[in-house]
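[1] heads up, no residue letters with this:
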């Protein structure tokens, strides 16, 4: 999930710091960024909140141009 990594780096956060802000395990962030794990809607929401963005900003890569189904959940 390149968008997640891009947003995290733009904010100057390590995976560990983002995980702490989001309340998720650092290994989860690592696995999502590597594409080894598909995040749940709740995890996406936590990460988006920690980054101060909408889910669609980190989820759009998965939907490949389709409207993000969780965009209204912000």
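    Sure thing, it's come through. Just so it is clear, the model here is predicted, and its values are computed rather than measured.
[2] Phi, psi for residue 42 please.
    Residue 42 adopts backbone torsions of phi -60, psi -40, taken as degrees, to the nearest 10.
[3] Number of residues surrounding it?
    By the measure other C-beta atoms under 10 Å, the count of residues near residue 42 is 9. For glycine as for every other residue, the C-beta is placed from the backbone atoms N, C-alpha and C.
[4] Distance-wise, check it relative to residue 49.
    Counting by C-beta to C-beta, to the nearest Å, the gap between residue 42 and residue 49 amounts to 11 Å.
[5] got it, and residue 14?
    From residue 14 across to residue 49, the span is 18 Å (C-beta to C-beta).
[6] Also residue 8?
    13 Å.
[7] These two: which is more packed in?
    Between residue 8 and residue 49, counting by other C-beta under 10 Å, residue 8 is the more crowded of the two (21 against 15).
[8] What segments of this protein are strands?
    Shown for the chain, no strands are assigned by DSSP state E.
[9] Helix or strand with the lowest mean pLDDT in it?
    The helix or strand of the chain with the lowest confidence, counting by mean pLDDT, DSSP states H and E, is helix 55-63 at a mean of 71.
[10] my guess is residue 5 meets residue 34, correct?
    No: between residue 5 and residue 34 there is no contact under C-beta atoms under 8 Å: 9.2 Å.
[11] out of those two, which sits in the busier spot?
    Taking other C-beta under 10 Å, residue 5 and residue 34 do not tie; residue 5 has more neighbours (16 against 10).
[12] need the contact list for the residue nearest to that one when sequence neighbours are not counted.
    Nearest non-adjacent residue to residue 5, counting by C-beta to C-beta, 6 or more residues apart in numbering: residue 33, 4.7 Å away. Contacts for residue 33 (C-beta atoms under 8 Å, 6 or more residues apart in numbering) come out as 1, 2, 4, 5, 8, 15.
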